[in-house]
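>>> from the sequence below, what's the structure:
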Amino acid sequence: MVEKLATLARLSFTEVEKESIKADLQKMIAFVQKMDEVDTGNIEPLLHMSSQQNNWREDVVKGTCTKSQALQNAGKHNNNFFMVPTVIQK
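Predicted structure coming up:
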């Protein structure tokens with residue numbers, strides 16, 4: 001199993017590291033199996049971790065700025081748009 005996981009993750013381990021990983025995986029599996037012992041028959045599944053709900057607010061336009069104000073701190077602009085370096089070359 002450790003070999004398969006290492007291959008999938010494109011990792012390589014020494015034999016000592018593999019034994020350590022194997023021990024850690026066995027501890028994790030034992031922990032999950034321990035959770036199976038808990039009776040959850042009468043427990044409602046959780047959709048969220050808390051009972052709080054989103055508090056939506058009205059979408060109100062507040063302070064705005066003019067085009068010239070928006071462009072005044074731009075490194076480069078052409079009086080209409082921000083100018084940025086080309087990222088993708090064809």
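>>> from here on, contacts and neighbour counts on C-alpha atoms
OK.
>>> would you list every one of the helices in the protein?
Using DSSP state H, the helices found in the chain span residues 2-8, 15-35, 67-71.
>>> need those helices in JSON lines (columns: mean neighbour count, mean pLDDT and distance to Pro85).
Putting the helices of the chain into JSON lines (neighbours: other Cα atoms under 10 Å; pLDDT from 0 to 100; distance: least, Cα to Cα, whole Å) gives the following:
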{"stretch": "helix 2-8", "mean neighbour count": "12", "mean pLDDT": "90", "distance to Pro85": "37"}
{"stretch": "helix 15-35", "mean neighbour count": "12", "mean pLDDT": "93", "distance to Pro85": "46"}
{"stretch": "helix 67-71", "mean neighbour count": "12", "mean pLDDT": "90", "distance to Pro85": "16"}
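>>> I'd say Met83 and His77 touch.
Yes: counting by Cα atoms under 8 Å, Met83 touches His77, with 4.9 Å between them.
>>> tell me the contacts of the nearest residue to Val84 once chain neighbours are set aside?
What sits nearest to Val84 in space, not counting adjacent residues and going by Cα to Cα, 6 or more residues apart in numbering, is Lys76, at 7.2 Å. Residues near Lys76 by Cα atoms under 8 Å, 6 or more residues apart in numbering: Phe82, Met83, Val84.
>>> and Lys76, its phi and psi?
Main-chain dihedrals, Lys76, degrees, to the nearest 10: phi -140, psi 140.
>>> any idea how far it lies from Pro85?
Counting by Cα to Cα, to the nearest Å, the gap from Lys76 to Pro85 is 10 Å.
>>> how near is Arg10 to Met1?
Computed as Cα to Cα, the Arg10 to Met1 distance reads 14 Å.
>>> nope, Thr86 is what I was after
Thr86 is 45 Å from Met1, by Cα to Cα.
>>> ok, now which ones touch Phe82?
Per Cα under 8 Å, 6+ apart, neighbours of Phe82: Leu71, Ala74, Lys76.
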